[in-house]
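Participant: here is my input, please return the structure:
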Amino acid sequence: MTQQRLLAVLAHPDDESFGPGGTLAKYAREGVEVHVCIVTDGATGSVVPDAVSPDAADSLADLRLQELTCACQVLGVHLHTLGYRDSGMEGSPDNKHPASLYQADLNEVVRDVVRVIRETHPHVVITHDPTGGYFHPDHIRVSHAVRRAWPKAGDADAYPPLLSEGHEPWLPARLYFTVVARSTLRWYICLLRLRGHDPSHYGRQGDVDLTQVGVPDRMIHVRLDVEAYLPVKQEAGACHKSQGGGGARWRALPAFLHRRAMRYEYFVQAHPEDARSHSDLFADLDVAVLDGARMAMDEHG
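Facilitator: Residues are numbered from 1 along each chain as shown. Reported below is the predicted structural model:
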């Protein structure tokens, strides 16, 4: 049987765990070949006090890579990195750093994403939605780059140097945005308010407005049950000690509310368009036919 392949293209070290970590763990353990491409180095994030020893790594970027490698090993996925510098939140001085993703030539980012797609031959690609989930500029830029890369990955005339390197065209069957359901956020916001927290200033730095994020449930195509893989997601998140290891996220909720909040991960299908609701990212995909068509195309030139 032809092996299903999935590629997640995400902005920062920890996005793979704190985001669709249950999805990645689920498919990896169900025999899918899962790849994760992290675009930036996470170098501008803050470090949780006392979470790591001062000599844990020579630089924050090195530390984030160590944590990312640990998390990907736990999830059971293949890691790829592009190495752009983390840009920080919108308006941060880090936006102006010449090596940041914010300042990068978008066409070069698209080319790098195309290269990874052609190397890994995924049937399904997942990435951030166009809002970046919570309006982080790196998330938004990665989403934009992946959407631009989508048609180019299968276009033999796009990026000729990639062809000379042996990266033949490959067009995945589906592209999904990973999203948060607004219904899930609604009750979580209520819980935060009951505890005296302001949901418009969420996160360690208070720079996320939860009241402005989330996707209406009617727009969601896949509601993926990952409850059986939550322990793996939690273990992967714990690798990111410099980010708190996700501990506060898990401790903040009673067990039954935690299961309710984390049981499902949600996706909107971006390509092909006009999708109907379905239960699985690979639903009704015959990957043997897709791979066979690719082989036939290669044989004819």
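Participant: so how far is residue 162 from residue 152?
Facilitator: 10 Å (C-beta to C-beta, to the nearest Å). Quick note: C-beta positions are derived from backbone N, CA and C, even for glycine.
Participant: overlap of the contact sets of the two?
Facilitator: residue 114 (C-beta atoms under 8 Å, 6 or more residues apart in numbering).
Participant: in contact with residue 221, which residues?
Facilitator: Contacts of residue 221 (C-beta under 8 Å, 6+ apart): 176, 267, 268, 269, 275, 276, 277, 278.
Participant: can you lay out those as a markdown table showing neighbour count?
Facilitator: Output for the contacts of residue 221, formatted as a markdown table (neighbours: other C-beta atoms under 10 Å):
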| residue | neighbour count |
| --- | --- |
| 176 | 25 |
| 267 | 25 |
| 268 | 17 |
| 269 | 21 |
| 275 | 16 |
| 276 | 7 |
| 277 | 11 |
| 278 | 14 |
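Participant: for those residues, please prepare JSON lines with the additional fields pLDDT and secondary structure.
Facilitator: Converted to JSON lines, those look like this (pLDDT from 0 to 100; DSSP: H, G, I helix; E, B strand; the rest coil):
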{"residue": "176", "pLDDT": "98", "secondary structure": "strand"}
{"residue": "267", "pLDDT": "98", "secondary structure": "strand"}
{"residue": "268", "pLDDT": "98", "secondary structure": "strand"}
{"residue": "269", "pLDDT": "98", "secondary structure": "strand"}
{"residue": "275", "pLDDT": "93", "secondary structure": "coil"}
{"residue": "276", "pLDDT": "94", "secondary structure": "coil"}
{"residue": "277", "pLDDT": "96", "secondary structure": "coil"}
{"residue": "278", "pLDDT": "96", "secondary structure": "strand"}
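Participant: what stretches of the stretch 51-200 of the chain score poorly on pLDDT?
Facilitator: 51-58 (pLDDT under 70).
Participant: show me the helices in it, by range?
Facilitator: According to DSSP state H, counting those that start in this stretch, the stretch 51-200 of the chain carries its helices in the segments 60-75, 106-120, 137-153, 160-164, 182-194.
Participant: the ones you listed: which one's closest to residue 228?
Facilitator: helix 60-75 (14.0 Å; C-beta to C-beta).
Participant: if we can go back for a sec, and the contacts of residue 221 as a markdown table, adding distance to residue 214?
Facilitator: Shown next, in a markdown table, are those (distance: C-beta to C-beta, whole Å):
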| residue | distance to residue 214 |
| --- | --- |
| 176 | 16 |
| 267 | 14 |
| 268 | 12 |
| 269 | 17 |
| 275 | 20 |
| 276 | 21 |
| 277 | 18 |
| 278 | 21 |
